[in-house]
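>>> here is a sequence with its predicted model. Questions after.
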Amino acid sequence: MSLFRNERVSALLLVVAAVLGLTLANTGFGPSIQAFFGGHADIPWLAVHLSVAHWVTDGLLAIFFFLAAIELKHELAHGELANPRKALVPAVAAVGGVIAPALVFLLLVRQPQLSDGWPIPTATDIAFALGALAIFGRALPSRVRAFLLALAVIDDLIAIVIIALFFTADLQPTPLLLAVPALLVFGWLSRKVRGPWVVAALIALGALTWLLVYLSGIHATVAGVALGLVMAGGSAGRARHAIEPFSNGLVLPLFAFVAALVVIPQVGLAQMSPVFWAIVIALPAGKLVGITGGALIANALGDRRSPTRIPVGDILVVAGLGGIGFTISLLMNELAFAGQHAIAVDGTLGVLVASLLAAIIGSTITVVRARQYRLKPAAGSA
């Protein structure tokens, strides 16, 4: 199982799953596969009505967000975000990396009915970005990975807030209020002695919290975030260690496969909707400009002699890789255009193309920067 903890392996699995999904969707097997994932697997007595695909995006993906929340909590307590001075650069850079792509998207997509897609290019895929860094940036100092990880974690937090605020329809307050005590008991129990009964109770409480959040109308992945944030540090660390291979080896690749399961429109590029082009431009270019600009502003706000200042070359590495949206961007696309299938297809293709471009741009910058460090190891401030 340790193989699936490897960042390079995780990134490779995402690519293979997405390519496989896109390929199969455009073969004779496509209609049958889409019919399977589009078929409903309801639990009527719990008022849960989800297709197989939505069990992946609303159910299994909550596990990924649970792990992301644990990562965020760890970073806030012990990592790059524990010190406000150290957190300034990745925090401002992450905000810049959200604002710039959103503005680019809105400038290119003027139709009101399509503007709901503005969150799509704002996300960074942690697994993909860290995997690319692990493959091409072995000579880079550990601070680059720490910067990228902190930025991606904050980026995920912003994505969670966007999902909760902008993609919640028909809010039902009663289930949401009932989720609060279930969540609090989960957090309290995670601080108790270890044992099989505790693990079973935590799983049951986690499932109950997920169900209540789902019934409230809020996207159910938010439940995973809440559970990860309230879980005790020791229990969270053990849970992350146990679940991470499952998330990297199954949850994320399965989501990538399902999300990429679209039929490529038989039209030329000129006939693609503005959403496609906006994502293709906003994700790699907007992220590059936004993250770089935010980090430079944060550097300027700090002490010039401070060890927390990030060299421009390292910023460009993180900004380039930060444009790999993939997982969360695909989720945002699905949520934004849930009732517009043709636009959702263009959005999915836009995310795939944009993430590929960002991976090429980011990996190229990473290779160049790593070569600089190999040739001149002391050039830490170039």
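Arrived safely. Numbers count the residues shown, from 1 in each chain.
>>> for the record, mean pLDDT for the longest helix seen in the chain?
The residue-count maximum for a helix in the chain (DSSP state H) belongs to helix 341-375. Helix 341-375 shows a mean pLDDT of 92.
>>> ok, now stretch 202-218?
Stretch 202-218 carries an average pLDDT of 93.
>>> can you check stretch 272-291 too?
So the average pLDDT for stretch 272-291 ends up being 94.
>>> let's see it as PDB, backbone CA atoms only.
In PDB, the C-alpha atoms belonging to stretch 272-291 read as follows (Å, rounded to 0.1, in the frame of the first residue of the first chain):
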ATOM      1  CA  MET A 272     -16.200  25.500 -28.900                       C
ATOM      2  CA  SER A 273     -18.100  27.600 -26.400                       C
ATOM      3  CA  PRO A 274     -16.500  30.600 -24.600                       C
ATOM      4  CA  VAL A 275     -16.300  28.500 -21.500                       C
ATOM      5  CA  PHE A 276     -13.800  26.200 -23.100                       C
ATOM      6  CA  TRP A 277     -11.500  29.000 -24.100                       C
ATOM      7  CA  ALA A 278     -11.900  30.900 -20.900                       C
ATOM      8  CA  ILE A 279     -10.800  27.900 -18.900                       C
ATOM      9  CA  VAL A 280      -7.900  27.100 -21.200                       C
ATOM     10  CA  ILE A 281      -6.600  30.600 -20.800                       C
ATOM     11  CA  ALA A 282      -7.600  31.400 -17.200                       C
ATOM     12  CA  LEU A 283      -6.300  28.200 -15.500                       C
ATOM     13  CA  PRO A 284      -2.600  28.100 -16.700                       C
ATOM     14  CA  ALA A 285      -2.100  31.900 -17.400                       C
ATOM     15  CA  GLY A 286      -4.400  33.300 -14.700                       C
ATOM     16  CA  LYS A 287      -2.800  31.100 -12.000                       C
ATOM     17  CA  LEU A 288       0.700  31.900 -13.200                       C
ATOM     18  CA  VAL A 289       0.000  35.600 -13.000                       C
ATOM     19  CA  GLY A 290      -2.100  35.600  -9.900                       C
ATOM     20  CA  ILE A 291       0.200  33.400  -7.700                       C
END
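>>> am I right that residue 101 is in contact with residue 124?
No. Judged on Cβ atoms under 8 Å, residue 101 makes no contact with residue 124 at a distance of 10.2 Å. Using the backbone N, CA and C atoms, a C-beta is placed for each residue, glycine as well.
>>> show me what the longest helix of the chain is packed up against.
Packing partners of helix 341-375 (3 or more Cβ pairs under 8 Å, 6 or more residues apart in numbering; DSSP states H and E): helix 126-136, helix 274-281, helix 287-301, helix 312-321, helix 326-336.
>>> with mean neighbour count as extra columns, can I get these in JSON lines?
Shown next, in JSON lines, are the helices and strands packed on helix 341-375 (neighbours: other Cβ atoms under 10 Å):
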{"stretch": "helix 126-136", "mean neighbour count": "23"}
{"stretch": "helix 274-281", "mean neighbour count": "24"}
{"stretch": "helix 287-301", "mean neighbour count": "22"}
{"stretch": "helix 312-321", "mean neighbour count": "24"}
{"stretch": "helix 326-336", "mean neighbour count": "26"}
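>>> just send these back as a markdown table, with distance to residue 2 too.
Shown next, in a markdown table, are the helices and strands packed on helix 341-375 (distance: least, Cβ to Cβ, whole Å):
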| stretch | distance to residue 2 |
| --- | --- |
| helix 126-136 | 15 |
| helix 274-281 | 35 |
| helix 287-301 | 31 |
| helix 312-321 | 24 |
| helix 326-336 | 22 |
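>>> so which of these gets nearest residue 169?
Closest to residue 169 of the helices and strands packed on helix 341-375, according to Cβ to Cβ: helix 326-336, at 10.1 Å.
>>> ok, back up a step: which one of the helices and strands packed on helix 341-375 lies closest to residue 19?
Evaluated over those, closeness to residue 19 peaks at helix 326-336, with 12.2 Å, by Cβ to Cβ.
>>> pLDDT of the closest one, averaged?
pLDDT averaged over helix 326-336 gives 88.
>>> list residues touching both of residue 101 and residue 124?
Taking Cβ atoms under 8 Å, 6 or more residues apart in numbering as the contact rule, residue 101 and residue 124 both touch residue 287.
>>> run through this protein and note the low-pLDDT ranges.
Scanning the chain for pLDDT under 70 picks out 1, 193, 267-270, 303-308, 377-382.
>>> now do 50
378-382 (pLDDT under 50).
>>> tell me which residue is most central in it.
By Cα atoms, centre = their mean, the chain has its centre lying nearest to residue 328, at 3.9 Å.
>>> check the gap between the residue nearest to it when sequence neighbours are not counted and residue 295 for me.
Among residues not flanking residue 328 along the chain, residue 123 sits closest, at 3.5 Å (Cβ to Cβ, 6 or more residues apart in numbering). Plainly put, residue 123 is 18 Å away from residue 295 if you go by Cβ to Cβ, to the nearest Å.
>>> how far is the helix or strand harbouring residue 213 from where the chain is centred?
Following DSSP states H and E, the helix or strand that holds residue 213 is helix 196-216. From the chain centre to the centre of helix 196-216 is a distance of 23 Å (Cα atoms, centre = their mean, to the nearest Å).
>>> quick revisit: who are the contact partners of the residue nearest to the centre of the chain?
Contact analysis of residue 328 by Cβ under 8 Å, 6+ apart lists 123-125, 156, 159.
>>> let's see 10 Å
Residues near residue 328 by Cβ atoms under 10 Å, 6 or more residues apart in numbering: 61, 64-65, 68, 119-120, 122-126, 152, 155-156, 158-160, 162-163, 221, 351.
>>> go through these and flag which are in helices.
61, 64-65, 68, 126, 152, 155-156, 158-160, 162-163, 221, 351.
>>> which one of those residues has the most neighbours?
The residue in those with the most neighbours, by other Cβ atoms under 10 Å, is residue 351 (31 neighbours).
>>> nearest residue to that one in space, please, no chain neighbours.
Nearest residue to residue 351 in three dimensions, chain neighbours excluded: residue 329, at 4.5 Å (Cβ to Cβ, 6+ apart).
>>> no further queries at this time; thank you.
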